[in-house]
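> what's the 3D shape of this:
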Amino acid sequence: MAENRTGADAPKRPARARIDGIDAARALAVLGMFVVHVSADSFGLLDPDGAGRAVHDLVRGNSSALFAFLAGLSLALMTGRTRPLSGEPLRLVVVKVLTRALVLGLLGLVLDVLAAPVAVILAYYAGFFVLALPLVKLGAGALVRAAAGLAAVGPPLSFLLRQDLVSPRTPQGALSSLPEFLLTGYYPAITFMVYVFAGMAVGRLDLGAAATRVRLLVTGAVLTAFGYAGSWIALHVFGGLDRLAQESVSSLGYPAVITEDPQLRENLHEQVMDEAYSISGQVPTDSWWWLAVGTPHTGTHFEMAESVGQALLVLVVCLWLAERARILMYPLTSVGRMPLTIYAGHLFVLAVVVAALGPMDWYTPWLLESLVLGAVVFAVLWRLLLGRGPLERFLGLCADNFALLYQENRRDRYGPSAS
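Presented below is the predicted three-dimensional model:
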């Protein structure tokens, strides 16, 4: 009879070292959120109306998508990397993940009480972990199909559900309902689980192999090009922008023929794109042509392709740099080793700044640079002196204690062989 090697009697796999490139990518995701949260008006080094605005537009949406992508990748690493766990080892990891999700959700609610002018992602993040758990036994191919399938059906399904079943509303503060988590919030699961599944698929690959990295690089470039070019073609070649402009004038009671004036058409096009860039979560449901835009936080096919593609490019570049310039990348990997601490810390600082300067005047120049410099210095010093970040240490302690309670409970119920 073949020996069962999936339970507690199976030899433990040797612990593997952290992958610095993943930490570096995680740091870029967190620091990218700094950029988005303080806006281009808080740049000092870059012109807020020039390069600062370009940087802000580049990272908006992509930083939160990268954060979710890396959450999926981390979950894959926790559950066996290239060989998914099963049996008792997997159950222990599930207990730890659920514990982490609970603590993250509670921390997200606490941070929201600080009233920093930021859409806190942690409560969503906790829910993403829970939704991903049923797929942790899948391999890379199945996870790619899950991500692609949700990316294909998610945007039209969300459009139909929000059009017929959910009253449109602008998200306010903390996550407050299941429909908001799934469909209408700042980080709706129907969009962001695509990033999580894609990250899990990548985490099931051998990231140390050159061939894997080349495939990821090519895939990232193709997806990015498809996202940007596909949206542009749909809007400018196939008339999507004109249709949205017509919808806008018709909704105001003007005849659609008004858009035949070239100058007025150009102005309407600008208004449509301004509205597209102001979306925070999902596109409006008054026209199917909104699914042709690819601007941040729209949850369209094109936006998801851009975000996943750029996440792959960032990951591969960070993996390459972290191996060849370890000392140079040390500040970045230090931030990436304690993303929860750095994320929560910057929200606390923002809350203090807003309280001190007022809700209208806190966008002060050099605020971004001060936040980034403070985060990097703190992360480097803490890593050198104390190692693991404070909130990461607390989160790990909670997860380990709950896993221990789970093991003790199983031993009490089923005997020593259960553990």
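> Can you tell me the SS state at D47?
Using DSSP: H, G, I helix; E, B strand; the rest coil, the structure places D47 in coil.
> residue ranges with poor pLDDT in the stretch 51-200 of the chain?
For the stretch 51-200 of the chain, the stretches with pLDDT under 70 are 167-174.
> What segments of it are helices?
Ranges of helices in the stretch 51-200 of the chain, per DSSP state H, counting those that start in this stretch, are 51-59, 62-78, 87-113, 122-132, 140-164, 178-179, 189-203.
> repeat for the stretch 251-400 of the chain
Using DSSP H, counting those that start in this stretch, helices in the stretch 251-400 of the chain cover 262-277, 301-324, 326-337, 339-357, 367-386, 390-414.
> Mind checking those for the one nearest to S39?
helix 367-386 (8.7 Å; CB to CB). Using the backbone N, CA and C atoms, a C-beta is placed for each residue, glycine as well.
> Contacts for that closest one, please.
30-31, 34-35, 38, 42-45, 330-332, 334-335, 337-338, 341-342, 345-346, 349-350, 353, 389-390 (CB atoms under 8 Å, 6 or more residues apart in numbering).
> Only the buried members of those: can you turn that into a PyMOL selection?
With 16 or more other CB atoms under 10 Å as the criterion, this PyMOL line picks the buried residues out of those:
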select buried, resi 30+31+34+35+38+42+43+330+331+332+334+335+337+338+341+342+345+346+349+350+353+389
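> rewinding a little: for the helices of the stretch 51-200 of the chain, which one ends up most surrounded?
Burial of the helices of the stretch 51-200 of the chain is given as mean neighbour count (mean count of other CB atoms under 10 Å); helix 189-203 ranks first at a mean of 27.
> OK, contacts around L395?
R100, V103, L104, L340.
> And for A344?
With CB under 8 Å, 6+ apart, A344 has these contacts: L107, L111, L391.
> would JSON lines of these with distance to D20 be doable?
As requested, the contacts of A344 are exported to JSON lines (distance: CB to CB, whole Å):
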{"residue": "L107", "distance to D20": "26"}
{"residue": "L111", "distance to D20": "28"}
{"residue": "L391", "distance to D20": "20"}
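> Confirm for me that S248 is in contact with Q271.
Yes: between S248 and Q271 there is a contact at 6.6 Å, judged by CB atoms under 8 Å.
> which of those two has more neighbours?
Per other CB atoms under 10 Å, whichever of S248 and Q271 has more neighbours is S248, with 18 against 14.
> what's the helix or strand for that one?
helix 240-251 (DSSP states H and E).
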